[in-house]
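Peer 1: Based on what follows, work out the 3D shape:
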Amino acid sequence: MTAVDGISFDVDRGEIVGIVGESGSGKTMTALSILRLIPEPGKITSGKILYGEKDVVQMSDEEIREFRGNEVAMIFQDPMTSLNPVLRIGFQIEEAMIAHQRFTNKQAKERVIPMLQRVRIPAAKDRVRDYPHQFSGGMRQRAMIAMGVSNEPSLLIADEPTTALDVTVQASIIELLRDLSRELRAAVILITHNMALVASLCNRVIVMYAGRVVEEGPTRAIFKHPQHPYTWSLLRSMPRVDETTRERLISIKGLPPDLGKMPPGCKFHPRCKFRVDRCFNEEPPLGEVDPDQLARCWVLMKNVENPEAVAQT
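Peer 2: Here you go, the predicted structure:
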């Protein structure tokens, strides 16, 4: 079974790239592959993961340990399961810096409170000795971000950083990630299914389905002119405040395919309202459909007349 197949993209310094798609589309496996943290028995069978001129796939165990945390950091989805409940927040951030030997013990200790202040935790001097259960959900997520950026990595991977947070806290986390990317000139990969989050934060969007990239391009282009039926349907399955006319929301019927029993042809065709005969047997390549915009589809949305009417049938 192949969880992620033929994924290829790049991220520049200071750029924020969003990876979106339904659960099971391969978003998190893509991120874990970058850090070589794929759970057993999974493994990378082919390809390269280039960080500068270094291939992460070929790194030794010692090199990959140095790579994680120093060069690349990951903010996991649930901070409560990532933080040790019996250790103080400040100690855990300090430990992250000492473990990677970027800073001395004294420097790490001196940096903890400024790191908490940097991620806008109020009364950081007092809260540094608190335990994870004494922090709210939003503050735990901020503490995880502080731990992630404590070694000033050049790539930050955020896996669903706003899940289970209320709207106002989500907004502050978005603003925080944007500021940190700007200050550190760090590249950020944001994994999410929240299209509103992508619209407000990301420079580019990668849409995944069944372990493949089905569309990629600048955020503005993807939101204004989505070309793959899956992207088009995702955007029309949620209300938008900028719409001048109120249209009926569109649901994507069915479920993503079983990765062990993939359908022939286009992997989205069993759920697609716009499929043609070719979609049943031939898998389309990922090709350029507009300047800087790629899509994997035989039927592009710009070639469909009255797509809303077709989708509602």
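
Peer 1: does residue 233 really touch residue 312, like I thought?
Peer 2: No: counting by CB atoms under 8 Å, residue 233 does not reach residue 312; the two are 11.7 Å apart. (C-beta placed from N, C-alpha, C; glycine too.)

Peer 1: Show me the common contact partners of those two, please.
Peer 2: residue 250 (CB atoms under 8 Å, 6 or more residues apart in numbering).

Peer 1: and those two? which has more neighbours close in?
Peer 2: A count of neighbours by other CB atoms under 10 Å puts residue 233 above the other of residue 233 and residue 312, at 22 against 11.

Peer 1: Assumed that one was part of a helix.
Peer 2: Yes: using DSSP: H, G, I helix; E, B strand; the rest coil, the secondary structure at residue 233 is a helix.

Peer 1: For the closest residue to it other than its chain neighbours, I want the exact helix or strand it lies within.
Peer 2: The shortest distance from residue 233 to any non-neighbouring residue, by CB to CB, 6 or more residues apart in numbering, is to residue 252 (4.8 Å). Assignment of secondary structure by DSSP states H and E places residue 252 within no helix or strand.

Peer 1: how much space between residue 252 and residue 294?
Peer 2: 21 Å (CB to CB, to the nearest Å).

Peer 1: Just the CA atoms of the longest helix along the chain, as PDB, please.
Peer 2: The residue-count maximum for a helix in the chain (DSSP state H) belongs to helix 167-184. This file holds the C-alpha atoms of helix 167-184, laid out as PDB (Å, rounded to 0.1, in the frame of the first residue of the first chain):
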ATOM      1  CA  VAL A 167     -11.900  31.300  16.300                       C
ATOM      2  CA  THR A 168     -10.200  34.200  18.200                       C
ATOM      3  CA  VAL A 169      -7.300  31.900  19.400                       C
ATOM      4  CA  GLN A 170      -7.000  30.600  15.800                       C
ATOM      5  CA  ALA A 171      -6.500  34.200  14.600                       C
ATOM      6  CA  SER A 172      -3.800  34.900  17.100                       C
ATOM      7  CA  ILE A 173      -1.900  31.600  16.100                       C
ATOM      8  CA  ILE A 174      -2.200  32.600  12.400                       C
ATOM      9  CA  GLU A 175      -0.700  36.000  13.200                       C
ATOM     10  CA  LEU A 176       2.000  34.500  15.300                       C
ATOM     11  CA  LEU A 177       3.100  32.000  12.600                       C
ATOM     12  CA  ARG A 178       3.200  34.800  10.000                       C
ATOM     13  CA  ASP A 179       5.300  37.000  12.300                       C
ATOM     14  CA  LEU A 180       7.700  34.200  13.100                       C
ATOM     15  CA  SER A 181       8.200  33.400   9.400                       C
ATOM     16  CA  ARG A 182       8.900  37.000   8.700                       C
ATOM     17  CA  GLU A 183      11.300  37.500  11.700                       C
ATOM     18  CA  LEU A 184      13.300  34.200  11.300                       C
END
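
Peer 1: Output the contacting helices and strands for that helix.
Peer 2: strand 16-20, helix 137-149, strand 155-159, strand 187-192, helix 195-201 (3 or more CB pairs under 8 Å, 6 or more residues apart in numbering; DSSP states H and E).

Peer 1: Would you reformat the ones you listed as a markdown table and include mean pLDDT, mean neighbour count and distance to residue 281?
Peer 2: Output for those, formatted as a markdown table (pLDDT from 0 to 100; neighbours: other CB atoms under 10 Å; distance: least, CB to CB, whole Å):
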| stretch | mean pLDDT | mean neighbour count | distance to residue 281 |
| --- | --- | --- | --- |
| strand 16-20 | 95 | 24 | 28 |
| helix 137-149 | 87 | 24 | 45 |
| strand 155-159 | 92 | 22 | 35 |
| strand 187-192 | 93 | 23 | 32 |
| helix 195-201 | 87 | 19 | 31 |
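
Peer 1: Report how many residues lie close to the residue nearest to residue 68 when sequence neighbours are not counted.
Peer 2: Nearest non-adjacent residue to residue 68, counting by CB to CB, 6+ apart: residue 35, 5.5 Å away. Around residue 35 there are 18 other residues, counting by other CB under 10 Å.

Peer 1: residue contacts, residue 35?
Peer 2: Per CB under 8 Å, 6+ apart, neighbours of residue 35: 56, 64, 67, 68, 72, 74, 157.

Peer 1: Show the buried residues in those residues.
Peer 2: 56, 67, 68, 72, 74, 157 (16 or more other CB atoms under 10 Å).

Peer 1: Where do the helices of the chain begin and end?
Peer 2: Using DSSP H, helices in the chain cover 27-34, 61-70, 79-82, 89-99, 105-118, 124-127, 137-149, 167-184, 195-201, 219-224, 229-235, 277-281, 307-312.
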